[in-house]
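# Just a sequence and a predicted model for now, questions to come.
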Amino acid sequence: MKLHYPKKPNQEALVLENDRHWRIEMVIKANEDDSFSLVAQSGLKDKPAELNKLQGPYQTLDQALAARGAIAQQLVAKGFAEVDVQPIWSLQAQAVIKRLRQERGDNTGNYSFDPSDVFFD
């Protein structure tokens, strides 16, 4: 899959649907360390999202937008079409990012160096 960097970046949620009313919403969220994650959610359009998928972290917003664009191109090739409607799973996406931030915070290592740790007296 080749990344295509958009000329006019749009950070708003991208919503795609197919003729069977299956909906996919992709939103880019900032992480706590100046990186970005892509949250993709899918399900029937009148129900809560059934699947959540995270991608990233991406170092820049442009990289995240390019990845989202490449995924959208693949979905369009499989019968989805971009629709101009409001995303309905924003709260669920926010909860997914909150869990990711908590998980990353819980697994942060301590890499501080103290010379007394390596010298034996």
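Right, received. Where do you want to start?

# The particular helix or strand that has Q41 in it: which residues count as buried?
Using DSSP states H and E, Q41 sits in strand 36-44. For strand 36-44, a neighbour-count test (16 or more other C-beta atoms under 10 Å) marks F36, S37, L38, V39, A40, Q41, S42, G43 as buried. Every C-beta, even on glycine, is put in place using the N, C-alpha and C of the backbone.

# Give me the neighbour count for the spatially closest residue to the third one that is not a sequence neighbour.
The spatially closest residue to L38, leaving aside those adjacent along the chain, is Q55, at 4.3 Å (C-beta to C-beta, 6 or more residues apart in numbering). Q55 has 16 neighbouring residues, counting by other C-beta atoms under 10 Å.

# State the pLDDT value of Q55.
Looking at Q55, its pLDDT stands at 90.

# ok, back up a step: just the angle between the helix or strand just after the strand holding Q41 and strand 36-44, please?
Next helix or strand after strand 36-44 toward the C-terminus (DSSP H and E): strand 51-58. With axes from the mean of the first three to the mean of the last three C-alpha atoms, to 10 degrees defining the directions, strand 51-58 sits at 170 degrees from strand 36-44.

# May I have strand 51-58 as PDB, with CA atoms only?
Extracted C-alpha coordinates of strand 51-58, given in PDB (Å, rounded to 0.1, in the frame of the first residue of the first chain):
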ATOM      1  CA  LEU A  51     -14.800  -3.400  15.600                       C
ATOM      2  CA  ASN A  52     -12.000  -1.000  16.700                       C
ATOM      3  CA  LYS A  53      -8.600  -1.000  15.100                       C
ATOM      4  CA  LEU A  54      -5.600   1.200  16.100                       C
ATOM      5  CA  GLN A  55      -2.700   2.100  13.800                       C
ATOM      6  CA  GLY A  56       0.400   4.100  14.700                       C
ATOM      7  CA  PRO A  57       1.900   5.900  16.300                       C
ATOM      8  CA  TYR A  58       2.800   8.100  13.400                       C
END
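
# That strand pairs with which strands?
strand 36-44 (antiparallel) (DSSP bridges).

# for the strand it pairs with, what is the average pLDDT?
What strand 36-44 shows for mean pLDDT is 92.
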